[in-house]
Every structure is written in C-alpha cells, then in structure tokens.
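**Student:** Generate coordinates for the sequence data below:
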Amino acid sequence: MALSQTTLSSKSLYANAHSLSPKPHQPSFSLLPSNSKPKSLQPITAVHAAEPTNNKVAVKESAPAAVPGSGKWTVESWKNKKALQLPEYPSKEELEAVLNTLEAFPPLVFAGEARNLEEKLGEAAMGNAFLLQGGDCAESFKEFHANNIRDTFRILLQMGAVLMFGGQVPVIKVGRMAGQFAKPRSDPFEEINGVKLPSYKGDNINGDAFDEKSRIPDPNRMIRAYCQAAATLNLLRSFATGGYAAMQRVTQWNLDFAEHSEQGDRYHELANRVDEALGFMAAAGLTVDHPIMTSTDFWTSHECLLLPYEQALTRKDSTSGLYYDCSAHMLWVGERTRQLDGAHVEFLRGIANPLGIKVSNKMDPNELVKLVEILNPNNKAGRITIICRMGAENMRVKLPHLIRAGSPAEVRAFFDVHEQEGSHPGGVHLEMTGQNVTECIGGSRTVTFDDLGSRYHTHCDPRLNASQSLELSFIIAERLRKRRIGTQRLLSMGV
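**Tutor:** The predicted model follows:
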C-alpha cells in the first residue's frame, strides 16, 4: 500500500487546529506570548525650510511607520492594500451592479453557526475533538448535481464515523463546499500550442475552456456561484438534519463502488460494531431517537480569495455587533495571498469567522507568529487553524519549527512530528470527492499512473476518491486510538 504516495500525489492538505491560549498540563502551546506586542519606532526626520532663516533647520516628527494589521478596519479597508490574485473586470459598472445585487441577497450562513463552529474548533485545539475538513479542490458549475453533493457528504459521514470510533472524540465535519470556486494561480497566463491566454481562475471568475471569450472575467458568474452555494447548503442542511445522517443509518452510507473493497469490508465491520453498540444502548433504556443520534452538525468553508464577493456577503451581526463573512462558516487565506500587509489579511482580520492559514515549507516561523498576531490579537482558541501542505519529507524537517513557533501531511509524518514535539494533531484537511475518480495514485485498490486518464475529471488539483479517503481515515483512526490508549495509560500511572 502506498497511501503516503497517494496523499502526496493528491496534494492533499493536512490541518491542525491550535489553541492560542494554553492551559497548564495540556499539550498545547502559545503562538502569542503576552508580552509580544510589536513596538513601533517613530523616526525623526530633518526637513529643511524652503527659505532658511538664520541657518536654522526645522525638525519635525514624521508619522510612525504603518504596522500591518493596525488602523481602523472597515469592510472596504482591504481596498487600500495591495490585492493579489484578483481578476480585472472589463466593466466596472457591471461589476458594481453585480455586487449591489449580492449585497441585497440573504446571507448564506449565519453568525451563530460560525460562532458554534469556533467553539468546536476550540475543543479541537485542546485535544478534545478532531477536525475533518474535505471536499473538492474547486467546485464546478458543470458538475453541480445533487448526487455529487450527496456522495461527498456521505463519504465525510463515513470518515467521521471511523475517526470518532477510533479516537473516541467528537469529529467536527467541515466541507470544502458551497463556495470553493476561485483558485489562485502561480502564472496569470497559460500557453498551449503557441496560444497564450489568461489562466482559468475558477468558475466564479472565468471559464475553463481554452478560448479568449471564456477567459474574460465575468462578474455575473458571482451570481451563479451564490445561487449554486445556496442550493448546495439547502441540500446539505436537509441531509444533516432530516434523518439521512442518523447514526442508525451508518451501514447505509457506503458508496457502491467502494463497497466491495478492503476498506469497504473494514467499514462494514465497524458499522456492525456501531449497530451493536446502539442495540445495547436501546436495551439499556438509552433512546436512539435523541437529536444527537438522528442528525449531525455540518459546516462549510472555502478559500477567501475573491474579495469583492466576500465583502458583498459580509454582514454585521445584530447580536454581537461583529462582522461575519456570511458566504461560509470558515474561511482560509492561501499561500499566495497571506502577505502581512496584503488585502486578504486586512479583510480577514476584521471578520469574526473562524479562520485558516495555509502554510508550506516556505513559511518562516517568525512570519507565522506575526500573521497570527494580526488575525487573532485576542489569542482566542478556535479562531485560527493552521493548514499544513508540504509533503512527507518537508513535514518532518519544517513542521517542528512551526510547532515551536506556535503553529502546527503526510499523515504518518504529521502524527510523528506532533508526538515528537509534545503537541496534538487537531485535524485533517483533504482535497477529496465522493465520485469514483482516478486522479491520485495509490490506495488499496491501487490506482497506477496508467489509470489516471480513465476518470480524471477535476478542473484543478487531483482529488482522493471515496475508497482512498476511507483508507486514509482508518490510518488516522488507528493513530488516534494509539494516542488515546497512550494517554489513558499515563493517566492511570498518575503521570
């Protein structure tokens, strides 16, 4: 089995939810020492008068240098910063009309839901829960279908059951769904057979067809993205609360194409054990029709990239007086847009949603500390999730330095490093789908390089299929189980 190769080939992301307010005797750490606020120096500059009098030199104090993340925040203050990865729309008038329409639309999610997610992530930061975040690398208008939404939701339910059974902790299920349209690009242009066109940046910006018309940014695509996100959320809420996610249906969540496989057999065995546990509970008089057994919490997330869209869906919460980006419960800043003085960081510092920060082996630990200072100045647990993406070898070399600085994969390397550093892995973030694709090599039903072309459907990065995702969940569950048993053994010894 070459699952580490699978996850590396899939460019999957592994996330760790962190506590930023450590408690005594808990495996946590602080990114922000209480005395670490930056000091701004006020340089003195000599300014010569146009007509000097008595050879005197006029001297005045200049304004202090701007500190990233300082100053008054507004929903539009990001416009005063350098914004990378944003499209240039041909018509400003058309763009403004679309944004005005979006501003009048109802929110897609609600502030209370986002606050609830932040509380759950705070538990993961303490090691009392585990974050499972996954979905498409980029959602597509063409592949928008109820079955696709259902299948991705279903594999996340399966993985959640495996992880919860192995780790014996609540699993926080967050989908990369209902908004994950825009994608950053390393090059603004792409060239095929001598023809050079603007890069495809996601269905809410332009089209993937390689022709000039498709690649022109169209603001009306944001309206379609909103409508698709609203329909996706409507279906997800129905699945999560309408009985489909009931624990009694655990044996029915399996996908047909993954059923007759090694991992499908393992899942059926686990599902039967869950059924037996439910039967025991019922016999003991513990009802199985309690809401916690008949429904599940499910949240959505996406990369905060297309700032005009995100601003248009930002609302002031009447309960708390805080601003929430109501396009998703959780948003993250990407590798290409996390500049300390950039527009994306400026926007994110002012919204109250739980946030993610994507880091690679290129991230400097000191820069990460400064970034967290900007985005989480109150050191609130659950506010920040660090998403590591750096490959197995870099994970072992680079991740320890980020953990020591205050941040947190390849799954085995990820867990190994956390054990080495005395911290705890808070979750996992995957680019995956419930569809029967062949986009990543490896796994128990070994997908080889030659198989990739048979069902390679992604518009962006390759994704793990359901079988590979389920296999990965068993590996993670085993590590969580060993960690739980080890902790229990230490507690029984009074350590």
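**Student:** Relative to A209, how far out is L306?
**Tutor:** 20 Å (CB to CB, to the nearest Å). Just so you know, the C-beta spots here come from the backbone N, C-alpha and C atoms, and that holds for glycine as well.
**Student:** neighbour-wise, which of the two wins?
**Tutor:** Remark: of L306 and A209, L306 carries more neighbours, 25 against 11, as counted by other CB atoms under 10 Å.
**Student:** How about the more buried one: what's its closest non-neighbour residue?
**Tutor:** Leaving aside its chain neighbours, L306 sits nearest to A182 (4.5 Å; criterion: CB to CB, 6 or more residues apart in numbering).
**Student:** Check the contact between the one you found and C304; I expect there is one.
**Tutor:** No: shown here, A182 and C304 do not form a contact pair, counting by CB atoms under 8 Å, at 9.1 Å.
**Student:** Quick check: neighbours shared by these two?
**Tutor:** Counting by CB atoms under 8 Å, 6 or more residues apart in numbering, A182 and C304 have no contacts in common.
**Student:** Tell me where the protein has helices.
**Tutor:** Taking DSSP state H as the criterion, the chain carries its helices at 3-10, 92-104, 111-125, 146-167, 220-241, 256-259, 262-283, 291-294, 307-312, 343-350, 365-375, 392-405, 411-421, 466-492.
**Student:** Rounded mean pLDDT for the second one, please.
**Tutor:** It refers to helix 92-104. Mean pLDDT, helix 92-104: 98.
**Student:** Now render the helices of the chain as CSV, adding distance to K81 and mean neighbour count.
**Tutor:** Listed next are these as CSV, based on distance: least, CB to CB, whole Å; neighbours: other CB atoms under 10 Å:
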stretch, distance to K81, mean neighbour count
helix 3-10, 33, 21
helix 92-104, 18, 14
helix 111-125, 24, 21
helix 146-167, 35, 21
helix 220-241, 21, 18
helix 256-259, 45, 16
helix 262-283, 46, 15
helix 291-294, 44, 13
helix 307-312, 10, 22
helix 343-350, 4, 23
helix 365-375, 12, 19
helix 392-405, 25, 18
helix 411-421, 33, 20
helix 466-492, 37, 18
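**Student:** Make CSV out of those and add distance to M432.
**Tutor:** Output for these, formatted as CSV (distance: least, CB to CB, whole Å):
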stretch, distance to M432
helix 3-10, 8
helix 92-104, 29
helix 111-125, 19
helix 146-167, 7
helix 220-241, 16
helix 256-259, 12
helix 262-283, 14
helix 291-294, 26
helix 307-312, 24
helix 343-350, 25
helix 365-375, 26
helix 392-405, 18
helix 411-421, 13
helix 466-492, 5
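**Student:** Just tell me which of these ends up closest to T337.
**Tutor:** helix 343-350 (4.1 Å; CB to CB).
**Student:** then the closest one to CSV, C-alphas only?
**Tutor:** Extracted as CSV, the C-alpha positions of helix 343-350 are listed here (Å, rounded to 0.1, in the frame of the first residue of the first chain):
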residue,chain,number,x,y,z
ALA,A,343,-5.5,43.0,1.1
HIS,A,344,-6.6,39.5,2.0
VAL,A,345,-5.1,39.6,5.5
GLU,A,346,-6.6,43.0,6.0
PHE,A,347,-10.1,41.8,5.1
LEU,A,348,-9.8,38.6,7.3
ARG,A,349,-8.6,40.4,10.4
GLY,A,350,-11.9,42.2,10.7
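**Student:** just the angle between it and helix 365-375, please?
**Tutor:** Angle, helix 343-350 to helix 365-375, by axes from the mean of the first three to the mean of the last three CA atoms, to 10 degrees: 50 degrees.
**Student:** Quick one: list the elements packing against helix 343-350.
**Tutor:** Taking 3 or more CB pairs under 8 Å, 6 or more residues apart in numbering; DSSP states H and E as contact, the helices and strands that helix 343-350 lies on are helix 307-312, strand 330-333, helix 365-375.
**Student:** In TSV, list those along with distance to A343 and mean pLDDT.
**Tutor:** Below are those laid out as TSV (distance: least, CB to CB, whole Å; pLDDT from 0 to 100):
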stretch	distance to A343	mean pLDDT
helix 307-312	6	98
strand 330-333	11	98
helix 365-375	13	96
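**Student:** Just tell me which of these ends up closest to V250.
**Tutor:** Once these are compared by CB to CB, strand 330-333 is nearest, at 26.0 Å.
**Student:** Please state the offset of the closest one from the chain centre?
**Tutor:** Relative to its chain's centre, strand 330-333 lies at 6 Å (CA atoms, centre = their mean, to the nearest Å).
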